[in-house]
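J.: I would like the atomic coordinates for the input below:
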Amino acid sequence: MQTEMDVLRFLSEEDRTTIGRLVLDGVVDSDNVARAAHDALEVATGRRWWEAQRLLSMSVQPEALGHLTLAGVDPWQRSAYEWCAATYALYTKYTDDTARLKFDFQLSIPPRGYEDEWMSDGGDDPEDVQKALTGWMGG
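T.: Numbers count the residues shown, from 1 in each chain. Sure thing, here's the model as predicted:
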């Protein structure tokens, strides 16, 4: 349930209150709310929901947010897709291929309990995973 709460925290307080009321009143099931939040995050960012969630969480860390702000990236003027792209670019700007593969691989791993969802959408290409692991282990 923590993962769902992490996704929902990107909503406004009013929207979280409304969703909470709908769940408490039995109008909607919390699993449906989580699925809808995941779907919305994927549509808005063009990434798997857990990747988007990680990038959005990384973007509000003081150093990352400072770099993005100094670069003129205003979260209120950008879409979630653009904000995730800017965060990804910031974290991979000075990386070599090995470090980028490691970052991409770590980003792509679903949270515990969502492995089946990862596999149902095809997961990552096995060759890409092997390259990432080989690069990660320095081989």
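J.: show me what contacts Glu51?
T.: For Glu51, the contacting residues are 45, 84, 107-108, by C-beta atoms under 8 Å, 6 or more residues apart in numbering. To be clear about C-beta, it is placed using only N, CA and C from the backbone, and glycine gets the same treatment.
J.: can you show me the helices along this structure?
T.: Assignment of helices within the chain using DSSP state H yields the ranges 2-8, 13-24, 30-45, 49-59, 62-70, 80-92, 97-108, 115-120, 126-136.
J.: what sits closest to Glu117 if chain neighbours are left out?
T.: Ranked by C-beta to C-beta, 6 or more residues apart in numbering and with sequence neighbours excluded, the top spatial neighbour of Glu117 is Pro110, at 6.2 Å.
J.: pLDDT score for the closest residue to Ser59 other than its chain neighbours?
T.: If the residues on either side of it in the chain are set aside, Ser59 comes closest to Thr87, at 4.1 Å by C-beta to C-beta, 6+ apart. For Thr87, the pLDDT comes out at 94.
J.: list the contacts of Thr87.
T.: 55-56, 58-59, 64, 68.
J.: Glu14: which of those residues is nearest?
T.: Comparing the contacts of Thr87 against Glu14 with C-beta to C-beta picks out Leu56 as the nearest, at 19.1 Å.
J.: I figured Ala52 hits Cys84, correct?
T.: Yes - taking C-beta atoms under 8 Å as the definition, Ala52 is a contact partner of Cys84 at 5.6 Å.
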